[in-house]
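K.L.:
Fold the following for me, if possible:
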Amino acid sequence: MAKDTVRAIEKILGEADRLIRRRLGESHLEVAHLVIAVTPEGEVVLRSNVSPDVLLSFGDDLKNVADELEAPPKPGDTTH
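P.N.:
Okay, the predicted model is just below:
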């Protein structure tokens with residue numbers, strides 16, 4: 001079942017990625033993008049137009065955001 005789930009997600013994300021690439025091209029925009037899903041088993045499926053170095057940078061940024069979300073709010077902080 002897990003492989004069927006991954007295949008289905010890969011197909012869906014492939015469709016989304018193609019649409020994003022087409023719409024960005026139509027708009028003459030060159031931007032990095034990621035399309036990500038996580039299976040119930042925790043397997044990550046992604047489609048993107050970025051290099052491994054950019055993925056690593058995004059990963060670092062996501063870790064920083066997660067750290068900020070886990071931190072207890074400071075007095076007067078209304079962002080949590």
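
K.L.:
for the residue most central in space within the chain, helix, strand, or coil?
P.N.:
Centroid-nearest residue in the chain, with Cα atoms, centre = their mean: residue 36, separated by 4.0 Å. Here residue 36 is recorded as strand under DSSP: H, G, I helix; E, B strand; the rest coil.

K.L.:
got the angle for the lengthiest helix in the chain vs strand 34-38?
P.N.:
Counting residues, the longest helix in the chain under DSSP state H turns out to be helix 2-26. Inter-element angle recorded for helix 2-26 and strand 34-38: 160 degrees (by axes from the mean of the first three to the mean of the last three Cα atoms, to 10 degrees).

K.L.:
and the gap between residue 67 and residue 37?
P.N.:
23 Å (Cβ to Cβ, to the nearest Å). Quick note: C-beta positions are derived from backbone N, CA and C, even for glycine.

K.L.:
Likewise for residue 71?
P.N.:
From residue 71 to residue 37 the distance is 27 Å (Cβ to Cβ).

K.L.:
More neighbours: the two, which one.
P.N.:
Each of residue 71 and residue 37 has its neighbours counted (other Cβ atoms under 10 Å); residue 37 has more, 17 against 10.

K.L.:
correct me, but that one touches residue 6?
P.N.:
No. Using Cβ atoms under 8 Å, residue 37 is not in contact with residue 6, being 9.5 Å away.

K.L.:
overlap in contacts of the two?
P.N.:
residue 45 (Cβ atoms under 8 Å, 6 or more residues apart in numbering).

K.L.:
name the helices or strands packed onto the longest helix of the chain?
P.N.:
strand 34-38, strand 44-48 (3 or more Cβ pairs under 8 Å, 6 or more residues apart in numbering; DSSP states H and E).
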